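**Q** Just the structure for this:
(2 chains)
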Amino acid sequence: MWRIEAHLIHRNPNPRIIISTMDGSILESIGVEIIGVMSPVSICMLLVVLLVYSLTSFNSPSVEPIRTAANLVYLEAPSDSTSQKIEGSLLNALVFVILIAAVTFLLVVLYYYNFTNFLKNYMRFSAFFVLGAMGGSIMLSIVRQFSIPVDAITCFILLFNFTVVGVISVFAEGIPIPIVLRQVYMVALGIIMAAWFTNLPEWTTWTLLVALAVYDLVAVLAPGGPLKILVELASSRDDELPALVYEARPTVSRGSRRGGLGLLVGGVSSDDVEVEMSRRNGTGSGSGSGSGSGDGELVEMMDEETSPLVPNARDGAFSVSVGGSDQFRQAEIVEDEGERTPLGAILGMGGEMEPQSRGGDVREEMTRGIKLGLGDFVFYSVLVGRAAMYDLMTVYACYLAIISGLGCTLILLSVFRHALPALPISIALGIIFYFLTRVLMEPFVVDLVH
Amino acid sequence: MTLAAGIGYVLLALGPSLALFVTLISTKPFLILVLLSSTLLWLISLIVLSGFWKAFLPIKTSAWWPYVILILTSVVFQEGLRLVLWRGYKKMEDMLDAFADRVAKPRLYLTDKMQIALAGGLGHGVAHAVFFCLSLLTPSFGPATLYVDKCSYAPFFLISAIISLAFVTIHTFSMVIAFNGYAQGNKSDQLIVPAIHIIAGTLTLVNLASSGCIVGIPLLYIVALSTLAYCGKMVWRRLTETQIRLTPQNQ
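**A** Predicted coordinates for the structure are as follows:
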């Protein structure tokens, strides 16, 4: 947790950061966006690993495999032969992907015909189900595992409160929910789903991950892919995606929210950006300099520091968004504005980045930050959680691989300015590193030390 | 109780790095990225090395020379890696300076460069600690501890934690020394780093002898502390030099 704390301190536009932007180095302003996405992913993976450790290591290994949508066809048994396992797991993965594709198409159709309210309520229901039922069962097993003395009524009330707040915060319309709470719940949803998926048998997990990565690639990039359609629809309607997404940056509810909490996220807090842009657009800084971030000069300075590694809000306005399966969605990264990023500029691929030359819809675009789909959280964590069942070394290797894959995806995003799937690179790297570590490195290291 | 001991071992090995991370690195996102990429690079190097050595392992003989060759190749490979890292860093520095110019911010200070080197070194050190100590510590959370015949004075986990603390220190600060040496073209700084690395690596071989750890670990710590002292002296020298050079300009 210390990482995010440090993070929050850094991002809080308190006098300290203003001082440091005055005479500090550029080191502090670069990569804020990447870290803003990476740290929740890291926290999610860390918690899943801890959960997997604490729930499996002391337990008797005879956990009966659960039957979910992911292993409809074939239930893996340790006694089966390898070819049987491969065949069965392939079938499982195929069925699961087909299911997801079907659900996503249904979502797209519903969204196309403007059943937005239905979708949102469905999303709330699924959040309720995940938090309440699955989270509850995980909570129960934790209580049992550590023999926490707690009575049923307390337990129920706690769970109910947790769930209700979660459901409200998933799609908060008109309620000023702090963005931090929303982010916490997104991570919690990811953790619960991932912990559930780690119960899948080993072979099925691997084939499933590969199949999902491929599906993600197709659904986001191929013409006519469901997620591509969904994202294009959403951006053409200038609407929020009807999906569970993690936002690394607060959605600015135009001028209404001036609290301190919403400013904790984002190196250049959106308020500052908005203040700055509204001055540039000649609409006056009527929205006020929020968050006590000092006078206009400082705001301008903060606004200037777009990071060269990943686009900031004003020149990226991209969102990692998701489309759906049941409760979690495949992710893709969307950049819905054609502004060159500093990285592109540095690499010589981009041209000028002049925000002044842009039209009036800038503010609309700015309200979107980096969004990462819940599906990413889930499947990254599934991979790491599966690695945690083998060894700590594989966990660490997989973590590094996934994080670097995510970094690569973000950098690619800033180059291509196009909807990108976030799963394939990370999952591929993660799986490669898992098996390399397991096959090559472990014997080497263990032999070396003993 | 063993859980507490396990956490203790982890903190013993990684506590100083954790302190460095929290105080210096975590406040600057870019340094976190440097740390992660250097860790990844180290991991890749370990995988490549283990792929290469897999053909010869496990070593059946009780002779010590295969280990010497193994350590030598590893050190050579990793020092080569340091050069690669330096090349990459050089490119990155130009990019950062160009970017700083464009957004009208000061270029990288000397301390910034040193911090980048520190983050890179810390990445190496942490990776080393994680793969050679932490991954072995997993059983220590369980209900028992382990003693090794050749060094029966302390639990195996404690010894590996102590050794890995020394290596974290060496890796972290030798990167600062090396980067500074490359930047200034200072041959002695450039050469001392591989020397330290080889000495530290071969010193661990002393542990193979019976009761060797009584001698080996203090020697290792002497190396680690002298690395630290050397690095501190060098940084102090550089800082005072720039101070002197800056002062007339300011007046």
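**Q** Low-confidence stretches in the chain?
**A** With no chain named, the answer covers chain A. The model of chain A has pLDDT under 70 over residues A:1-28, A:57-80, A:172-174, A:238-244, A:247-369, A:443-450.
**Q** looking at chain B here, not the other one
**A** The model of chain B has pLDDT under 70 over residues B:1-2, B:56-64, B:138-145, B:148-152, B:209-212, B:244-251.
**Q** for it, what spans make up the strands?
**A** Here chain B has no strands by DSSP state E.
**Q** Spatially central, which residue of it would that be?
**A** The residue lying closest to the centre of chain B (Cα atoms, centre = their mean) is B:His171, at 1.7 Å.
**Q** do you know how far that one is from A:Thr198?
**A** 33 Å (Cβ to Cβ, to the nearest Å). From N, CA and C alone the C-beta is placed, and that goes for glycine too.
**Q** which residues does the closest residue to the residue nearest to the centre of chain B other than its chain neighbours contact?
**A** Nearest residue to B:His171, sequence neighbours excluded (Cβ to Cβ, 6 or more residues apart in numbering or on different chains): B:Gly125, at 3.6 Å. By Cβ atoms under 8 Å, 6 or more residues apart in numbering or on different chains, the contact set of B:Gly125 is B:Ser17, B:Phe167, B:Val168, B:Thr169, B:Ile170, B:His171, B:Thr172.
**Q** Closest to chain A out of the residues you listed?
**A** Nearest to chain A among the contacts of B:Gly125: B:Phe167, at 12.3 Å, using Cβ to the nearest Cβ.
**Q** tell me the contacts of the closest one?
**A** B:Phe167 sits in contact with B:Gly125, B:His128, B:Ala129, B:Phe132, B:Ala200, B:Ala224, where contact means Cβ under 8 Å, 6+ apart.
**Q** Surely the third one touches B:Ala166?
**A** No: contact criterion Cβ atoms under 8 Å: B:Ala129 and B:Ala166 do not qualify, at 10.1 Å.
**Q** Closest one to chain A out of the contacts of B:Phe167, please.
**A** Chain A has its nearest neighbour among the contacts of B:Phe167 in B:Phe132, at 6.3 Å by Cβ to the nearest Cβ.
**Q** what about the closest one, how many residues close to it?
**A** B:Phe132 sits with 21 neighbouring residues when counted by other Cβ atoms under 10 Å in any protein chain shown.
**Q** ok, and the closest non-adjacent residue to it?
**A** Among residues not flanking B:Phe132 along the chain, B:Ser164 sits closest, at 5.8 Å (Cβ to Cβ, 6+ apart).
**Q** if I look at that neighbour, how far off is A:Leu50?
**A** In terms of Cβ to Cβ, B:Ser164 sits 22 Å off from A:Leu50.
**Q** Tell me which of those two has more neighbours.
**A** Between B:Ser164 and A:Leu50, counting by other Cβ under 10 Å, B:Ser164 is the more crowded of the two (26 against 13).
**Q** just the strands in the stretch 1-150 of chain A please.
**A** With DSSP state E, counting those that start in this stretch as the definition, the stretch 1-150 of chain A shows no strands.
**Q** And the one residue in the stretch 101-250 of chain B that gets nearest to chain A, how close does it get to B:Pro106?
**A** Nearest residue of the stretch 101-250 of chain B to chain A: B:Ser135, at 3.8 Å (Cβ to the nearest Cβ). Relative to B:Pro106, B:Ser135 is positioned 42 Å away (Cβ to Cβ).
**Q** B:Thr172 too?
**A** Taking Cβ to Cβ, one finds B:Thr172 at 26 Å from B:Pro106.
**Q** Could you list the contact residues of the stretch 151-251 of chain B toward chain A?
**A** With Cβ under 8 Å from any Cβ of the partner chain as the criterion, the stretch 151-251 of chain B meets chain A at residues B:Ser160.
**Q** so who does the residue nearest to A:Val187 when sequence neighbours are not counted touch?
**A** Computed as Cβ to Cβ, 6+ apart, the closest residue to A:Val187 that is not its neighbour in sequence is A:Cys44, at 5.0 Å. Residues in contact with A:Cys44 (Cβ under 8 Å, 6+ apart) are A:Val187, A:Gly190, A:Ile191, A:Ala194, A:Phe377, A:Tyr380, A:Ser381.
**Q** in the host helix or strand of the second one, what's buried?
**A** Here A:Gly190 is covered by helix A:179-197, with elements defined by DSSP states H and E. By 16 or more other Cβ atoms under 10 Å in any protein chain shown, the buried positions in helix A:179-197 come out as A:179-180, A:182-197.
**Q** cool, stretch A:370-387 as well?
**A** A:370-387.
**Q** just the residues you listed that are near chain B?
**A** Checking the buried residues of stretch A:370-387 against chain B (Cβ under 8 Å from any Cβ), there are no matches.
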